[in-house]
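Colleague: Please work out how this folds:
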Amino acid sequence: MLVTAEIISLTVDHIRNVLANDSSGHDWWHIDRVRRTALEIARQEQADLGVVELAALLHDIADWKFHGGDEHAGPRAAREWLERNHVDPTVVDAVCGIVAGVSFKGAGVATEMPTLEGKCVQDGDRLDAIGAIGIARAFAFGGHFGRPMHDPETPHQLHESFAAYKAKHSPTINHFYEKLLLLKDRMQTSTGRRLAAQRHAFMEAYLKQFFSEWNADFGRQSPVNA
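Modeller: All right, here's what the predicted structure looks like:
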């Protein structure tokens, strides 16, 4: 599908402006990392690079988490932007389909992408949610919404519906068990799975250290699933 250098450049400027004041971990640099990662996956998997790049740039244009839980806000904003810039309708549909389906929606909710391009973008987005940067983003997000770092009296939940997942207000450490530690096994490309392995292991090591310090467990390591 034809995606011009001009629309990529315009979209970069647009997204940088839209997300200029974000402090939740969904800022421009998140978008740029997802773009670069998704493009690398796309090269390895032989996907359409133009569609992947454009969808990666637009995947958080209006995230439901910041728009009252409206899951249609993102694809709607992406479509308005692309149509205003006279992008080919086939590209518009492909990109908006990816934007609509990219988000994690709960442990019990299937979110498989129907296209190779969608798989590349979704894997790129999920890779940025795990590992060292993923840990930093999780705490930035929790702080942004005033959530506690950890509360051992609040058990984590594996949400069975998107509605339940959207309604959650759990501590940041719970988020590891409710989403982040699940992502390795939800990668949809072989490249994504390979890249996820090391980042997942880093999170497991981090949690062992976190609980060791939290519990003043000097000389012992608490299990990841504490």
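
Colleague: Now Arg193: which helix or strand?
Modeller: helix 190-214 (DSSP states H and E).

Colleague: swap in Leu82?
Modeller: helix 73-84.

Colleague: again, but for Ile15
Modeller: helix 5-18.

Colleague: Now do that helix, average pLDDT.
Modeller: Averaged across helix 5-18, pLDDT comes to 96.

Colleague: Next: stretch 200-218.
Modeller: 93.

Colleague: Would you mark the buried spots in that stretch?
Modeller: His200, Met203, Tyr206, Leu207, Lys208, Phe210, Phe211, Ser212 (16 or more other Cβ atoms under 10 Å). Yep, even glycine has a C-beta here, placed from its N, CA and C like the rest.

Colleague: Would you convert the residues you listed into TSV that also reports distance to Thr37?
Modeller: TSV is the format used below for these (distance: Cβ to Cβ, whole Å):
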residue	distance to Thr37
His200	15
Met203	17
Tyr206	20
Leu207	23
Lys208	26
Phe210	26
Phe211	29
Ser212	31
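
Colleague: Which one of these is nearest to Phe141?
Modeller: Set against Phe141, the nearest of those by Cβ to Cβ is Met203 (15.1 Å).

Colleague: Trp29 versus the closest one, what's the distance?
Modeller: 20 Å (Cβ to Cβ, to the nearest Å).

Colleague: ok, now Glu153?
Modeller: 35 Å.

Colleague: The closest residue to Leu182 other than its chain neighbours: which element?
Modeller: Once flanking residues are discounted, Leu182 sits nearest to Ala107: 5.9 Å by Cβ to Cβ, 6 or more residues apart in numbering. Here Ala107, judged by DSSP H and E, is contained in no helix and no strand.

Colleague: Work out for me the element Arg137 sits within.
Modeller: Per DSSP H and E: helix 131-144 holds Arg137.
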